[in-house]
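**Q** next input, structure requested:
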Amino acid sequence: MLVLSGGTGTPKLLGGLRQLVPDEDITVVVNTAEDLWVSGNLVCPDIDTVTYLFAGLLDTDKWWGITQDTYHTHEALASAGHDEVLRLGDRDRGTHILRSEFIRKGASLTEAVGRTARMLGAGANILPMCDESVSSMITTDNGTMHFQDFWVGQRGKPGVLGVEYQGADNTSVTDAIWQAVEREDNIIIGPSNPITSIGPILAVNGMRELIGSKHVVAISPIIGCEPVSGPAGKLMSACGFEVSSRGVMQFYEGLLDVFVVDERDGLGLRDVGDMDVDVVSADTMMTSPGMSKALAGVVMEQLV
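**A** Sure thing, here's the model as predicted:
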């Protein structure tokens, strides 16, 4: 089973899938366009969330970071006048140091992520979307900035004019992803932000064609005209897509075989029915492990 993931909605779905499928049977291709270097170490927020989930370490109250982590290093740096755009926990920072040391010693990002995940005890196959550096850059009415500066530093408040996947032109699909996709009949696109979580994955050279050769099931992160969480609505509008399940389908045009929309989304059910994709209705909110498992079961019923 292969899943494309960002950092919040899809990990909740992964939490349900791993109640039904052994971790070692799950491969996750994860967005890296929100990565950035902080205080000398590479932070990979979406990869870390997925890794911590499969390692049993994830703080599922926040859906990022390690549960019961402390912040002594971050606070000491702040008291010395050193500002970090991300609030990094002490154990979490250890992950960044470990991964960065692998990279400094010559490992690719794929190798560094794999080694770190195994050392933390994650059983799934966790793959970065590419080994090259890509950044989601948000053009706002306050200037162009990295996604983390927009969403964390400025709390998503600036008006958004556009989004660019800086560096994507220089990317290629890794051997690890080629091999993983070749082993699968199905691809699941999780309910993550289509613009800045899944979009960068699909922007990797050759990725869209590779994914499109399989049976693809996607879950909408939109109910009615509102995203379940995060800045997806503002970003979709800026990129010319309607904030709706129909807009999500248009973003994924040419890829999907099955599209899962929320059972409360009457608008989504009506408006995506003419797009030559099988549409399935389910409860997509995933506010508990049981609800995540139920949605995962619905998704698995759509696989070939």
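
**Q** so Ile187 is in which element?
**A** In this structure, Ile187 sits in strand 186-189 according to DSSP states H and E.

**Q** which helices and strands does that strand pack with?
**A** Here strand 186-189 touches strand 2-5, strand 215-219, going by 3 or more Cβ pairs under 8 Å, 6 or more residues apart in numbering; DSSP states H and E. No exception for glycine: its C-beta is placed from N, CA and C like everyone else's.

**Q** neighbouring strands - and their directions - for it?
**A** strand 2-5 (parallel), strand 215-219 (parallel) (DSSP bridges).

**Q** and the first one, average pLDDT?
**A** The predicted model assigns strand 2-5 a mean pLDDT of 98.

**Q** so after the helix or strand bottoming out on mean pLDDT in the chain, what's the next helix or strand?
**A** Lowest mean confidence among the helices and strands of the chain (mean pLDDT, DSSP states H and E): helix 266-271, at a mean of 62. Per DSSP H and E, the first helix or strand lying C-terminal to helix 266-271 is strand 278-282.

**Q** tell me the angle of that next one relative to strand 215-219?
**A** 40 degrees (axes from the mean of the first three to the mean of the last three Cα atoms, to 10 degrees).

**Q** any figure for the gap between Arg264 and Val258?
**A** To Val258, Arg264 is 19 Å away according to Cβ to Cβ, to the nearest Å.

**Q** those two: who's more crowded?
**A** Val258 (20 against 14; other Cβ atoms under 10 Å).

**Q** that older thread, out of the strands paired with strand 186-189, which comes closest to Met300?
**A** Closest of the strands paired with strand 186-189 to Met300 is strand 215-219, at 9.0 Å (criterion: Cβ to Cβ).

**Q** what pLDDT, on average, does the closest one get?
**A** 97.

**Q** after that strand, next one along is what?
**A** Following strand 215-219 toward the C-terminus (DSSP H and E): strand 222-223.

**Q** check which helices and strands that next one sits against.
**A** For strand 222-223, the elements it packs on are helix 245-251, judged by 3+ Cβ pairs under 8 Å, 6+ apart.

**Q** need the residues that contact the helix it packs on.
**A** 194-195, 199, 218, 220-223, 236, 239, 241-242, 256, 259, 261, 265, 267-268, 271-272, 275, 277 (Cβ atoms under 8 Å, 6 or more residues apart in numbering).

**Q** please spell out the ChimeraX selection for the buried subset of these.
**A** Here is the ChimeraX selection string for the buried members of the contacts of helix 245-251, based on 16 or more other Cβ atoms under 10 Å:
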select :194,195,199,218,220,221,222,223,236,239,241,242,256,259,261,265,267,268,271,272,277
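
**Q** I'd say Trp63 and Pro11 touch.
**A** Yes: counting by Cβ atoms under 8 Å, Trp63 touches Pro11, with 6.4 Å between them.

**Q** overlap in contacts, these two.
**A** Joint contacts of Trp63 and Pro11 (Cβ under 8 Å, 6+ apart) are Thr49.

**Q** of these two, which one has the most company?
**A** Pro11 (27 against 17).

**Q** and the more buried one, what does it touch?
**A** 5, 49-50, 53, 58, 63, 190.

**Q** cutoff 10 Å now
**A** 3, 5, 28, 30, 46, 49-50, 52-54, 58, 60, 63-64, 190, 192, 286, 292 (Cβ atoms under 10 Å, 6 or more residues apart in numbering).

**Q** and it, which of the three is it?
**A** Under the three-state scheme (DSSP: H, G, I helix; E, B strand; the rest coil), Pro11 adopts helix.

**Q** against Lys234, how distant is it?
**A** Pro11 is 22 Å from Lys234, by Cβ to Cβ.

**Q** show me the shaky parts of the stretch 151-300 of the chain.
**A** 226, 229, 267-274 (pLDDT under 70).

**Q** so where do the helices sit in it?
**A** Using DSSP state H, counting those that start in this stretch, the helices found in the stretch 151-300 of the chain span residues 175-182, 199-203, 207-212, 232-238, 245-251, 266-271, 289-301.

**Q** redo the ones you listed as a markdown table? Include distance to Val21.
**A** A markdown table is the format used below for the helices of the stretch 151-300 of the chain (distance: least, Cβ to Cβ, whole Å):
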| stretch | distance to Val21 |
| --- | --- |
| helix 175-182 | 15 |
| helix 199-203 | 21 |
| helix 207-212 | 20 |
| helix 232-238 | 27 |
| helix 245-251 | 25 |
| helix 266-271 | 27 |
| helix 289-301 | 8 |
